[in-house]
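*Asks:* any chance you could fold what I've pasted below:
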Amino acid sequence: MNDVTSATMAGELQDLLALSVPPIALSFAETEPEAVAPFGATYPPATADGRTGAVAASCVFWMHATERAFTTVAADHGNCSVGSYTHGFRPLSEIVGNEDVQALLSAAWVTPEAAGAIPGLPTKPAAIVYAPLAEAPLAPDLVMLRINAKQAMLLSDAWPELRFEGKPQCHIIPLAMTKGDIAVSTGCMLSRVRTGMSNNELTCVIPAAKVPALLERLRAARQADLAVAAYAAEDGRRFS
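*Replies:* Numbers count the residues shown, from 1 in each chain. Alright, predicted model coming up:
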């Protein structure tokens, strides 16, 4: 990451994009880190297909990670079959018959063909550590932002190769991890209900190694936008 610290990345991203929610860090660990406390939760009774977990879905961890650092393991993600798959904890073949996946298919929310094309992490992590980026206890693999339309505009100006994706929201995690893409998701109804995310928010996932280059481009893009904004405001005075 060109020796840029997590705290510096967090501060610059927050400043350049005027973020209202602090960026978070995701670290995919090969062994459970002893120094980072587990998420800690009482699991509800399992459904008929065996689903239960620490939270309703993997995306819910994003909300908690703005406040504290914690470690999650496969079982913590187990209530959401889609999240278990995209995060590499279970193969597609194991989750396709689960009740929650069948509910999505029955509602025609996703077709079987589209479901089969959803990317997932190819390697199962021992743990995923979530934290506010400014306080990340491990080197982050990914940085996640919650952004609005104007912030997405600036990101797109700075990074023209930015990917815009739809449902499910969590599939931008494997896209960033396996392909190295900076990806924005419009979100999905499943995730919005479970997380309580604002209707005005999108998510963006950035490979941590690309953050320094993105920051450099954001600085230039913001300067250009400020110049254009000044021009537009001045020109608009003719119509007052």
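
*Asks:* quick check, pLDDT for Lys124.
*Replies:* Here, the pLDDT recorded for Lys124 equals 96.

*Asks:* got phi/psi on it?
*Replies:* phi -80, psi 120 (degrees, to the nearest 10).

*Asks:* spatially nearest residue to it (excluding sequence neighbours)?
*Replies:* Sequence neighbours aside, Gly88 is the residue nearest to Lys124 in space, at 4.9 Å (criterion: CB to CB, 6 or more residues apart in numbering). (Glycine included, C-beta is placed from N, CA and C.)

*Asks:* confirm the one you found sits in a strand?
*Replies:* No. Counting by DSSP: H, G, I helix; E, B strand; the rest coil, Gly88 is not found in a strand; it is coil.

*Asks:* give me the neighbour count for it.
*Replies:* 21 (other CB atoms under 10 Å).

*Asks:* state the distance from it to Ile182.
*Replies:* Distance, Gly88 to Ile182, by CB to CB, to the nearest Å: 20 Å.

*Asks:* quick one, longest helix in the chain?
*Replies:* helix 211-236 (DSSP state H).

*Asks:* kindly provide the whole-number mean pLDDT of that helix.
*Replies:* Averaged across helix 211-236, pLDDT comes to 97.

*Asks:* ok, Pro168 touching Gly120?
*Replies:* No. Counting by CB atoms under 8 Å, Pro168 does not reach Gly120; the two are 10.7 Å apart.

*Asks:* which of those two has more residues huddled nearby?
*Replies:* Neighbour totals were compared for Pro168 and Gly120, and Pro168 leads with 27 against 22 (other CB under 10 Å).

*Asks:* quick one: pLDDT of the more buried one?
*Replies:* With respect to pLDDT, Pro168 scores 96.

*Asks:* all strands of this structure, in order?
*Replies:* 24-29, 70-72, 127-132, 142-147, 163-165, 183-185, 202-207 (DSSP state E).

*Asks:* mind checking which of these is nearest Val228?
*Replies:* Distance to Val228, taken as CB to CB, is lowest for strand 142-147 among these, at 19.9 Å.

*Asks:* check which helices and strands the closest one sits against.
*Replies:* The elements that strand 142-147 packs onto, with contact taken as 3 or more CB pairs under 8 Å, 6 or more residues apart in numbering; DSSP states H and E, are helix 6-17, strand 24-29, helix 172-179, strand 202-207.

*Asks:* contact partners of the longest one?
*Replies:* Looking back up the chat, that one is helix 6-17. Residues from elsewhere that reach helix 6-17, judged by CB atoms under 8 Å, 6 or more residues apart in numbering: 1, 19, 22-23, 25, 132-136, 139-140, 143, 145, 147, 151, 154-155, 208, 211-212, 215, 218-219, 222.

*Asks:* now which of these would you call buried?
*Replies:* 19, 22-23, 25, 132-134, 136, 140, 143, 145, 147, 151, 154-155, 208, 211-212, 215, 218, 222 (16 or more other CB atoms under 10 Å).

*Asks:* what touches both of Pro168 and Gly120?
*Replies:* Counting by CB under 8 Å, 6+ apart, the residues touching both Pro168 and Gly120 are Thr86.

*Asks:* gap between the closest residue to Ile24 other than its chain neighbours and Ala134?
*Replies:* In this structure, Ile24 finds its nearest non-sequential neighbour in Ala65, 4.2 Å apart by CB to CB, 6+ apart. Distance, Ala65 to Ala134, using CB to CB: 11 Å.
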